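S.K.: Structure, please.
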Amino acid sequence: MASPDKAFVQLLLQQQNIVHKICRAYCPLEEDRRDLFQEIALQLWRAYPNFRNEAKESTWIYRIALNVAISSHRKTRPQPIGPLTKIMHQIPNEESDTEERVAMLYQALYTLSDVEKALLLLSFEEKTNDEIAELTGLTPNNIRVKMHRIREKLRAHFLTIHST
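M.R.: As a prediction, the model looks like this:
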């Protein structure tokens with residue numbers, strides 16, 4: 001049987017994509033993403049002895065990672081990011097259309113509230129409304145309403161970008 005230390009490291013390695021996605025959603029700058037990843041890993045490590053496998057590992061990690069990201073984001077409250085054209089120079093210049101679309105998506109994501117970001121990320125992970133409700137403490141119906149509003153907000157954001 002693996003030691004708790006090795007079991008934790010293995011779990012974090014298996015589920016690190018979840019943490020990276022959350023970090024990217026809440027931190028536009030790479031340095032901030034690294035810091036947030038470390039903070040999330042530390043909080044996961046502290047909570048690991050109390051993990052009882054009552055929820056899926058990914059659900060447990062999402063819950064902690066989102067809580068840490070939201071709480072960290074509220075403490076630091078970065079300055080609002082300017083228009084997309086202003087920050088495009090910070091994104092590596094790749095010839096790929098896909099990279100540009102991903103950058104635009106994250107720019108739009110940064111305009112959302114903490115809760116909206118969390119819901120959208122969970123939706124990207126193809127979580128059902130019931131699973132999202134379990135993770136967030138909201139009702140499935142409330143999730144549906146919020147997701148509709150998020151889609152409308154993003155649609156308006158992209159329409160604004162394309163009309164300028």
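
S.K.: Now residue 146. Nearest residue, chain neighbours left out?
M.R.: residue 119 (5.7 Å; C-beta to C-beta, 6 or more residues apart in numbering). In this view, the C-beta of every residue, glycine as well, is placed from N, C-alpha and C.

S.K.: buried set for the helix or strand that contains the one you found?
M.R.: For residue 119, the host element (DSSP states H and E) is helix 114-124. Residues 116-123 are the ones in helix 114-124 that count as buried (16 or more other C-beta atoms under 10 Å).

S.K.: cool, and stretch 152-164?
M.R.: 153-154, 157.

S.K.: Among the residues you listed, which lie within helices?
M.R.: 153-154, 157 (DSSP state H).

S.K.: okay but residue 61 is in contact with residue 15, surely?
M.R.: Yes: here residue 61 lies in contact with residue 15, judged by C-beta atoms under 8 Å, at a distance of 4.9 Å.

S.K.: Please say which of these two ends up with more neighbours.
M.R.: Ranked by neighbour count (other C-beta atoms under 10 Å), residue 61 and residue 15 place residue 61 first, with 23 against 18.

S.K.: quick one: the more buried one from residue 70, how far?
M.R.: 15 Å (C-beta to C-beta, to the nearest Å).

S.K.: Walk me through the domains of this protein.
M.R.: As given by automatic domain parsing, the domain ranges for the chain are 1-78, 81-164.

S.K.: want to throw these into TSV with mean pLDDT?
M.R.: Listed next are the domains of the chain as TSV, based on pLDDT from 0 to 100:
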stretch	mean pLDDT
domain 1-78	86
domain 81-164	76
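
S.K.: check contacts around the residue positioned nearest the centre of the chain.
M.R.: Nearest to the geometric centre of the chain sits residue 22, at 2.5 Å (C-alpha atoms, centre = their mean). Residue 22 is in contact with 36, 40, 62, 65-66, 69, 121, counting by C-beta atoms under 8 Å, 6 or more residues apart in numbering.

S.K.: Equivalent analysis for residue 138, please.
M.R.: Going by C-beta under 8 Å, 6+ apart, the list of residues near residue 138 reads 132, 146.

S.K.: let's go with 10 Å and repeat that
M.R.: 115, 118-119, 129, 132, 144-146 (C-beta atoms under 10 Å, 6 or more residues apart in numbering).

S.K.: Look up which helix or strand residue 142 falls in, please.
M.R.: Assessed by DSSP H and E, residue 142 sits inside helix 140-163.
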